[in-house]
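*Asks:* need coordinates for the following:
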Amino acid sequence: MNISNWLSAAMLNAALRNTTFTPPSTIYLALYTSDPTQADTGTEVSGGSYKRLPITFSVPALENGNQTVKNMADVEFPIATSDWGLITHVGLRTALTGGNLLWTKAIDNARTIMNGDKVKFLKDSTIVRFIQ
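*Replies:* Next up is the predicted model:
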């Protein structure tokens, strides 16, 4: 996943400038029909029963030399009640609505979500790594 501009600045300020960083109490998984980019400029799905969903992560573990966390449970979005479009990216956000983008990633198998479809991310499928 790519770290957002907002989170990079917050982490640098906290680590190197003694600026307080308050982490979000809940992280939300968001779906996008275009790349949100590190600047948070993409198009998030809206309407048709779509809403961001909470996602929880494992304790960091060293995998292939990188600190890594994975989602601890399946994340299952509600059944789409209208077409959501071609889902190309996911983002991790700080709030149910609005808030800040934390990380973003292109989906390996982008697909078009139509009325009646359901999107599900299996346990351990959403991975955040700090590349060293």
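
*Asks:* same question for stretch 102-109, mean pLDDT?
*Replies:* The average pLDDT for stretch 102-109 rounds to 94.

*Asks:* and it, what's buried?
*Replies:* Neighbour counts over stretch 102-109 (16 or more other Cβ atoms under 10 Å) mark Leu102, Trp103, Thr104, Lys105 as buried. For glycine as for every other residue, the C-beta is placed from the backbone atoms N, C-alpha and C.

*Asks:* show residues contacting it.
*Replies:* Residues outside stretch 102-109 that contact it (Cβ atoms under 8 Å, 6 or more residues apart in numbering): 1-4, 6-7, 24, 27, 32, 35-38, 42, 87-94, 128.

*Asks:* any chance you could map the helices in this protein?
*Replies:* Taking DSSP state H as the criterion, the chain carries its helices at 5-17.

*Asks:* can you tell me which strand in it is longest?
*Replies:* Counting residues, the longest strand found in the chain (DSSP state E) is strand 101-113.

*Asks:* taking helix 5-17 as reference, get the angle to that strand.
*Replies:* Using axes from the mean of the first three to the mean of the last three Cα atoms, to 10 degrees, the inter-axis angle of strand 101-113 relative to helix 5-17 is 160 degrees.

*Asks:* offset the numbering so it begins at 56, please.
*Replies:* Fine by me, first position is 56 from now on; the one you just mentioned is strand 156-168.

*Asks:* low pLDDT regions in the protein?
*Replies:* 186-187 (pLDDT under 70).

*Asks:* with that, I have no additional questions.
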